[in-house]
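In: Here is a sequence with its predicted model. Questions after.
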Amino acid sequence: MTRGWQITLGEGDPVVALVDLDDAALRPASDAPDATADVAVDVTWSGLNYKDALAFAGNRGVVRSSPLVPGIDVVGTVASSTTPRWAPGDRVLLNGAGAGETRHGGLAERAHLDGGTLVATPRAFTDQQAAGIGTAGFTAMLAVLALERHGVTHGDVLVTGASGGLGAFAIALLARAGFTVTAATGRPEQADRLQHLGATVVLDRVELDRPSRALESQHWVGVIDAVGGPLLATALAQVRQNGVAVACGNAASAALATTVMPFILRGVSLVGVNSSLTARTLREQAWQRLARDLDPAVVDAIARPIALDEARDAAAEVLAGRVAGRLAVRVGEPASAAPATGGVSA
């Protein structure tokens, strides 16, 4: 039997329980959209993301299969595999790709996954650190790579939602890459922490979270935004000529009331990041860069470990905006310390 969280939706409130599940219950149905399950993973760690917190609350936009094991991050060791890409004992991880939404995710001790979506856990990180990075750090790295692909390699970059996990990792990665980082946060008590991560300036989000003019004074060569809403609209109006804003979250709002002026008069680009549906080659590239550019000590400073049975209460704290940084969830014991042999490792 496998211990894990299960969310069941009905006409009333969701039923959320920490239960024992047999292996058959953890396999996707043969006619499910994510039916491929050629790798079984003994899960050691997962994460608790904002999306996971919504799942615990029964959000039907996240929980699209019921019953469902939540957890969009999976870190662990291959128990069995029918694909030559992976072998028992390989250390692997997954961010998104339907886990914790359309198929069972990482908040149970066993996960049956599509081997084509897995990435080798970099040797630079322990399983706990890989889960601490999770979707937040992975998305932050994708955002930095997006800036680079669009020619933004130096200058002043604004990070919104800076106190959250994505924002914290974005600050550390941008600073490591040589950018000057301004961190916008609604939690001014986090200023020292954000500066320690690499922010040069910490800005109260109220300065940006307001109705914006079509164009404002130019400040940023790039923006990494996890908030959306008026704050992103104001940031767009302040992006420099030919600058780039990367949208990768909607913690405040999914709405965006802006004008075409930043795009047609300043040549600004607005780029989206969808970490869940990222192609395998880009997943591997992002994790290779994380292994190269992210100090494990920084991960330990951003991510706090919790036990599996604490996940539901912690999810409520996440939704209430009372969690800074990341939460890594200890799910099971590592089978061995063997490095991954399949895929791409770093």
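Out: All right, it came through fine.

In: How is the protein partitioned into domains?
Out: 2-132+288-330, 135-275 (automatic domain parsing).

In: what's the closest of those to residue 282?
Out: domain 135-275 (7.2 Å; CB to CB). (Glycine included, C-beta is placed from N, CA and C.)

In: Regarding the closest one, how distant is the last residue from the first?
Out: 7 Å (CA to CA, to the nearest Å).

In: what does the average pLDDT come to for that domain?
Out: If you average the pLDDT over domain 135-275, you get 96.

In: Mind jotting down where the helices sit in the stretch 201-346 of the chain?
Out: Along the stretch 201-346 of the chain, counting by DSSP state H, counting those that start in this stretch, helices occupy 229-237, 261-265, 280-293, 296-302, 311-319.

In: Can you say which of these is packed in most?
Out: helix 229-237 (a mean of 24; mean count of other CB atoms under 10 Å).

In: elements contacting that one?
Out: Packed against helix 229-237 by the contact rule (3 or more CB pairs under 8 Å, 6 or more residues apart in numbering; DSSP states H and E) you find strand 220-225, strand 239-247, helix 261-265.

In: Tell me who's in contact with residue 324.
Out: 163-164, 168, 187, 190, 193 (CB atoms under 8 Å, 6 or more residues apart in numbering).

In: Neighbour-wise, which one of these leads?
Out: residue 168 (32 neighbours; other CB atoms under 10 Å).

In: quick one on the thing from earlier: could the helices and strands packed on helix 229-237 be laid out in TSV, adding distance to residue 81?
Out: Listed next are the helices and strands packed on helix 229-237 as TSV, based on distance: least, CB to CB, whole Å:
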stretch	distance to residue 81
strand 220-225	36
strand 239-247	35
helix 261-265	47
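
In: Check these for me and report the most buried one.
Out: strand 220-225 (a mean of 28).

In: Paired strands for it, with orientation please.
Out: Sheet partners assigned to strand 220-225 using DSSP bridges are listed as strand 156-159 (parallel), strand 239-247 (parallel).

In: Backbone torsions only: list them for residue 164.
Out: Residue 164 has phi and psi values of phi -80, psi 180 when expressed as degrees, to the nearest 10.

In: what's the closest non-adjacent residue to it?
Out: Leaving aside its sequence neighbours, residue 164 sits nearest to residue 226 (CB to CB, 6 or more residues apart in numbering; 6.2 Å).

In: that older thread, what would the strands paired with strand 220-225 look like in a markdown table with distance to residue 111?
Out: Formatted as a markdown table, the strands paired with strand 220-225 follow (distance: least, CB to CB, whole Å):
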| stretch | distance to residue 111 |
| --- | --- |
| strand 156-159 | 32 |
| strand 239-247 | 29 |
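
In: on that earlier part again, right, so of the helices and strands packed on helix 229-237, which gets closest to residue 15?
Out: strand 239-247 (34.3 Å).

In: if we can go back for a sec, any chance of the domains of the chain in CSV, with distance to residue 282 too?
Out: Shown next, in CSV, are those (distance: least, CB to CB, whole Å):
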stretch, distance to residue 282
domain 2-132+288-330, 10
domain 135-275, 7
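
In: on that earlier part again, compare the helices and strands packed on helix 229-237 and give me the one nearest residue 72.
Out: Once those are compared by CB to CB, strand 239-247 is nearest, at 18.7 Å.

In: from the chain's centre, how far out does the closest one sit?
Out: 22 Å (CA atoms, centre = their mean, to the nearest Å).

In: cool, stretch 127-138 as well?
Out: On CA atoms, centre = their mean, the centre of stretch 127-138 falls 8 Å from that of its chain.

In: Can you give me the distance of residue 135 to residue 284?
Out: 16 Å (CB to CB, to the nearest Å).

In: Of the helices of the stretch 201-346 of the chain, give the one that comes closest to residue 28.
Out: So among those, helix 280-293 is nearest, using CB to CB, at 19.2 Å.

In: CA atoms only for the closest one - export them in CSV, please.
Out: Extracted in CSV, the C-alpha atoms of helix 280-293 (Å, rounded to 0.1, in the frame of the first residue of the first chain):
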residue,chain,number,x,y,z
ARG,A,280,11.7,17.7,-22.8
THR,A,281,14.7,19.3,-24.4
LEU,A,282,13.9,22.6,-22.8
ARG,A,283,13.2,20.9,-19.5
GLU,A,284,16.7,19.4,-19.6
GLN,A,285,18.3,22.7,-20.6
ALA,A,286,16.6,24.5,-17.7
TRP,A,287,17.7,21.9,-15.1
GLN,A,288,21.2,21.9,-16.5
ARG,A,289,21.4,25.7,-16.0
LEU,A,290,19.9,25.4,-12.5
ALA,A,291,22.6,22.9,-11.6
ARG,A,292,25.2,25.3,-13.0
ASP,A,293,23.9,28.6,-11.7
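
In: now what about it, what contacts it?
Out: 93, 95, 116-117, 119-120, 122-125, 133, 137-138, 141-142, 144-145, 173, 176-177, 278, 343-344, 346.

In: Can you tell me which of the residues you listed are buried?
Out: 93, 95, 117, 119-120, 122, 124-125, 133, 137-138, 141-142, 144-145, 173, 176-177, 278, 343, 346 (16 or more other CB atoms under 10 Å).
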